[in-house]
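Novice: curious how this folds, go ahead:
(chains A and B)
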Amino acid sequence: MEANNAYLLKNKTLPDEAEVLISKTVAPNEKILFAIVGDLTLAGKYAQSVLFITKDRALVYDGGGGDIKSYPLSLMSEVCAKRMYGNATLSAKISDGKRIVLFRYTYAIAALCDAAALFINHINDGANLHDEMSVMEVVFERALSVCPKCGRTLLHPGAECIMCRSKVKIVERLFEYIKPERSKIMLCIILSLITTAMAIIPPTVTGFIVDVVFPGGSGGSGITPLNFISDALDGDSSKLLIAMICLLFATYILQYGIGIIRAYTFRQVGNRSVARLRNDIYKKAQYLPMSFYDKTSTGAVINRIASDSSTLQNFMLRITQEAVVHLFQLVGIIIIMLTLNPTLTLLSLIPVILIVIVTRVFGRKIRPYYRRIWRRWSAVFATLSDTIPCIKVVKSFTGENRSADKFKDKNDDWLEMDRRLGKLTTAFPQIVSFLVTCGSLIIWGVGGGKVIAGEAGFSAGLIVSFISYASMFYNPVTFFANLSDSFQSALASTEKILDILEAKPETHAESHIVPDKLNGKIEFLHVSFSFDRTKKVLDDVTVTIEPGDVVGIVGTTGSGKSTLVNLLMRFYDGYSGEILVDGHNIQNFDLSAYRAKIGYVQQEPQMFSDTIFNNIAYSRPDATIEEVMEAADVANAHNFIARQPDAYDTVLGERGVGVSGGEKQRISIARAVLMNPSILIFDEATAAVDSETEHLIQEAIDRLIAGRTTLMIAHRLSTLKRANKIIVVDGGKIVEFGSPDELMAKKGKYYKLVEIQSMTQDAERMKKEERLDI
Amino acid sequence: MTTRVYINAQDRIEKAENNLVNLYLHTGEEYLSLEPRRLFPVNMRHSFITLLSDSGEVAVIREISDLDKDSARVIEESLDDYYLVPTITKIVSTSDKYGTLRWTVETDRGIRSFDIRNRNHDIKVSKSGKVRVRDADDNRYVIEDYKKLDAHSRAKLIVHT
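Specialist: Numbers count the residues shown, from 1 in each chain, chains lettered A, B, ... in the order given. Modelled structure (predicted):
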């Protein structure tokens, strides 16, 4: 029946039983707006449950049998999604005032149920159904960012799961980077053909020398292709020898001469492809949203750009350089061997089978060792990166010996593992060589026997050249047997790289409003935000800030102060509700143009290792020298810069550069000044400096904020003297908002914070005075 | 915060003791014992010179060539005194011990040997061919164009950069 199946939204396929039951329960004209497939029963057992919402009621299928329960929306009030530990419930007050639990689920669908709770409440409050459904659509779309096959979070809604997609596709994606080099690769392949052809000539010639040129040879029985030379020189052995040496010499010159050109070109092809790939990753990494960096450590991203692309580089070099050559060799040698003698060819294939088996077995054995060594090495490295940056702590708690011992332990572990691996890795090539040698024994044994027996088609020269070919033949065999290992590691690297390449960059709205100047009116309308699904960092925040307001944002650590400005800066877009600036939704602004209108000064000023001038001019690379100097003036930075030996040419982060935290902060303020922002954000800008520097910075801030909407996050309330409005944030909600006087009169949270801080300050002052008295 | 004073040809600069200068503005104000310093000592040797008193910046010279001849000479001399950056004309020998480089060079001020601690930070080659060198004691040297050095010196330089 059409109406029953016309679910507008659902997060998963419905369980069959629920589908059958719901079709019986719902009238044909009652439209199901959305269905949330859950994962727990009310008793807390894992099972597929479903919450259906229609215009008038909520229907719950509790999983594992049982009927569908129906709750009219009109009888429900204060619907609430409560997150507990590892699971959550959706409950509501029913007409008799009792709260009942309707639906229980894990965090996997918590975001959907949060939205469902709001939906029901809003509908009961008389909200427009169409508007509320459009919110639900967004929530459902976001919930679909999970791979239906493996459950891994997708890079963006609708993206293909990296883990589940076919390996062929991954390789195809990689080869896009090689495509531009097609003509060069073709050239290299032709050159490879020539060198391979040259490489397989010498054994034929040596066989001919043994059979025809040397006295006592069989006289040209086995090696036919060179007989015409013998005819031309009337069988003169000395002349023939010289001719053969010349032929060999010419072959070598061609083989190695062309080899140089081929190797060089191949190297260029491989390197250029990887450089292209690396540029792409780096560029992409610049545009990835902050939420990506929250989930992925910066170290991991750096590793992908630097080391994973090197792994690929090695693999590409191997593929482009060696694989092609080996393949040609393999084919060429087999053809020649077959034309020389099919029986001996088959005999020499016996060790090949053994070599392939040994290589596979060896590979399987050795791989875990590599992983283990890698882990041991990581442990060594972790000890290093833990202790060296914290050397002050180590010294102050006299932990030198302890950390040396810890390091030795880890290093010994690594050594032991490497010793074990060493046993295997040194044995392997010897075993392969042994098998190759045994292969020649078979040829000597069988072929030699036939030569002695004088069997037609067998000669000493033939055996000599055959053994040469056979040993040449084993090289490509071991290469291809080993190739799968490096293919596996390249595949792993490619996957990690594609993680970045295919991650969704920061969202750019379709309508790009490019603001010339912002007046600075900021409105948060019912904004809620959560980093993961466990805890809401902002909960239904609504506040309006007028142009030119200087707003202090106060609250305890973790109350959501920084998240407010992070959302305003559009570092995160995944919030519900709206943030408007000058009446426009900030998501409709052109992202870079919008950010260029906001000056952001952080608690920990971040400097590039570049000159002071370039660090300031980073916010406006086209600024003139005078403009940069004026910005430094405003920020109280020019005078200390001028006294640096290299002044504005001082490179930050280098040895001997004495720039303090407060000075860096002033440079970062100069950076913000230079861009002439419409909105200013100070995120605890003076938290990490002494009081004298604080005064200099405060002076700089005072100059800067004139006429601009300013948000100042502060722990020390004394830094908010200039603020005409205060927002008090607590537990993700705005608990107080108003002028400092109003809030003091209200004697609420702000009043308490002020009291506590002034008490602390008084106590500190008294302590100081006491000390002076003594 | 006051507006920055830029010095022009109407203002006068005279030599004071050591490398200090006195500034006489055409408006009649005068400042004594100022220290000229380059704001961009690496990239702009003749532009943006600040004149510092004990309490901070007094004025800035945009271009030395904007000044009258005598004032320009005074400033150039003072800066030459203040900034000692010998030009390396030949690299005589180099050695590398435990990562520290020891260079012996001929400069426009004579022969000198020095250590370089961190070759990545302390030897900087710009695209134009200019090489800036900083020794372990924070002294500076410059090679105006390494391509113009003799082959022997170039070979020594290439090994370490």
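Novice: tell me what the helix or strand that contains B:Asp70 is packed against?
Specialist: Per DSSP states H and E: B:Asp70 is located in helix B:69-82. Applying 3 or more Cβ pairs under 8 Å, 6 or more residues apart in numbering or on different chains; DSSP states H and E, one finds that helix B:69-82 makes contact with strand B:12-15, strand B:21-24, strand B:30-38. Yep, even glycine has a C-beta here, placed from its N, CA and C like the rest.
Novice: swap in 6 Å and give it another go.
Specialist: On a contact count with 3 or more Cβ pairs under 6 Å, 6 or more residues apart in numbering or on different chains; DSSP states H and E, helix B:69-82 meets strand B:12-15, strand B:30-38.
Novice: what's the angle between that helix and strand B:30-38?
Specialist: Interaxial angle of helix B:69-82 relative to strand B:30-38 (axes from the mean of the first three to the mean of the last three Cα atoms, to 10 degrees): 50 degrees.
Novice: and the helices and strands packed on helix B:69-82 as TSV, adding mean pLDDT, distance to A:Asp131 and mean neighbour count?
Specialist: TSV is the format used below for those (pLDDT from 0 to 100; distance: least, Cβ to Cβ, whole Å; neighbours: other Cβ atoms under 10 Å in any protein chain shown):
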stretch	mean pLDDT	distance to A:Asp131	mean neighbour count
strand B:12-15	92	72	18
strand B:30-38	92	63	18
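Novice: so which of those strands gets nearest chain A?
Specialist: For the helices and strands packed on helix B:69-82, proximity to chain A was assessed by Cβ to the nearest Cβ; strand B:30-38 is nearest, at 6.2 Å.
Novice: and the helix or strand that comes right after that closest one, how far out from the chain middle?
Specialist: Downstream of strand B:30-38, the first helix or strand assigned by DSSP H and E is strand B:47-53. Here strand B:47-53 shows a centroid-to-chain-centroid distance of 13 Å under the convention Cα atoms, centre = their mean, to the nearest Å.
Novice: list the buried residues in strand B:47-53.
Specialist: By 16 or more other Cβ atoms under 10 Å in any protein chain shown, the buried positions in strand B:47-53 come out as B:Ser47, B:Phe48, B:Ile49, B:Thr50, B:Leu51, B:Leu52.
Novice: equivalent analysis for stretch A:173-193, please.
Specialist: Buried residues in stretch A:173-193 (16+ other Cβ under 10 Å): A:Leu174, A:Tyr177, A:Ile178, A:Glu181, A:Lys184, A:Ile185, A:Leu187, A:Cys188, A:Ile189, A:Leu191, A:Ser192.
Novice: next up, phi/psi of the first one, please.
Specialist: Recorded main-chain torsions at A:Leu174 are phi -70, psi -40, according to degrees, to the nearest 10.
Novice: now do the contacts for it.
Specialist: A:Thr494 (Cβ atoms under 6 Å, 6 or more residues apart in numbering or on different chains).
Novice: look up how far chain B lies from it.
Specialist: Here A:Leu174 is placed at a distance of 32 Å from chain B (Cβ to the nearest Cβ, to the nearest Å).
Novice: could you do the fourth one as well?
Specialist: Between A:Glu181 and chain B the distance, using Cβ to the nearest Cβ, works out to 27 Å.
Novice: again, but for A:Ala617
Specialist: Separation of A:Ala617 from chain B (Cβ to the nearest Cβ) stands at 12 Å.
Novice: most proximal residue of chain B with respect to chain A?
Specialist: Proximity of chain B to chain A (Cβ to the nearest Cβ) peaks at B:Val42, 3.9 Å away.
Novice: pretty sure that residue sits against A:Asp649.
Specialist: Yes. Assessed by Cβ atoms under 6 Å, B:Val42 is found in contact with A:Asp649 at 3.9 Å.
Novice: burial count for residue 122?
Specialist: Going with chain A. A:His122 has 17 neighbours, counted by other Cβ atoms under 10 Å in any protein chain shown.
Novice: hmm, no, I was thinking of chain B.
Specialist: By the measure other Cβ under 10 Å, the count of residues near B:Asp122 is 19.
Novice: how about the nearest residue to it once chain neighbours are set aside, phi and psi?
Specialist: Distances taken as Cβ to Cβ, 6 or more residues apart in numbering or on different chains place B:Arg134 nearest to B:Asp122, at 4.4 Å, with adjacent residues excluded. Dihedral pair for B:Arg134: phi -130, psi 130, per degrees, to the nearest 10.
Novice: what distance do you get for B:Arg134 to B:His121?
Specialist: Separation of B:Arg134 from B:His121 (Cβ to Cβ, to the nearest Å): 8 Å.
Novice: neighbour-wise, which of the two wins?
Specialist: B:Arg134 (20 against 15).
Novice: quick one: mean pLDDT for the helix holding B:Asp70?
Specialist: Averaged across helix B:69-82, pLDDT comes to 91.
Novice: next one: the helix or strand just after that helix to chain centre, how far?
Specialist: Using DSSP H and E, the helix or strand that follows helix B:69-82 towards the C-terminus is strand B:88-97. Here strand B:88-97 is found 22 Å from its chain centre; the criterion is Cα atoms, centre = their mean.
Novice: low-confidence stretches in chain B?
Specialist: Along chain B, segments meeting pLDDT under 70 span B:1-2, B:160-161.
Novice: domain map for it?
Specialist: For chain B, the structural domains run B:6-82, B:88-160, going by automatic domain parsing.
Novice: okay, the ones you listed in a markdown table with distance to A:Met316 next?
Specialist: Shown next, in a markdown table, are the domains of chain B (distance: least, Cβ to Cβ, whole Å):
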| stretch | distance to A:Met316 |
| --- | --- |
| domain B:6-82 | 40 |
| domain B:88-160 | 28 |
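Novice: deepest of those, which one?
Specialist: A comparison of the domains of chain B by mean neighbour count, using mean count of other Cβ atoms under 10 Å in any protein chain shown, puts domain B:6-82 on top with a mean of 17.
Novice: tell me the contacts of A:Asn615?
Specialist: A:Met607, A:Phe608, A:Ile667.
Novice: what about it, which helix or strand?
Specialist: Using DSSP H and E, A:Asn615 sits in helix A:612-617.
Novice: which strands and helices lie in contact with the helix or strand that that helix is followed by?
Specialist: Downstream of helix A:612-617, the next assigned helix or strand under DSSP H and E is helix A:625-634. Helix A:625-634 makes packing contacts with helix A:638-642, helix A:661-674 when contacts are defined by 3+ Cβ pairs under 6 Å, 6+ apart.
Novice: just name the most buried of the ones you listed.
Specialist: When those are compared using mean count of other Cβ under 10 Å, helix A:661-674 is most buried, at a mean of 24.
Novice: which neighbours does the helix or strand that it is followed by have in its sheet, and in what orientation?
Specialist: The helix or strand immediately downstream of helix A:661-674 is strand A:679-683, counting by DSSP H and E. Here strand A:679-683 is paired, per DSSP bridges, with strand A:598-601 (parallel), strand A:709-713 (parallel).
Novice: and the helices in the stretch 151-300 of chain A, which stretches?
Specialist: A:167-175, A:182-199, A:201-208, A:227-232, A:237-287, A:290-295, A:298-303 (DSSP state H, counting those that start in this stretch).
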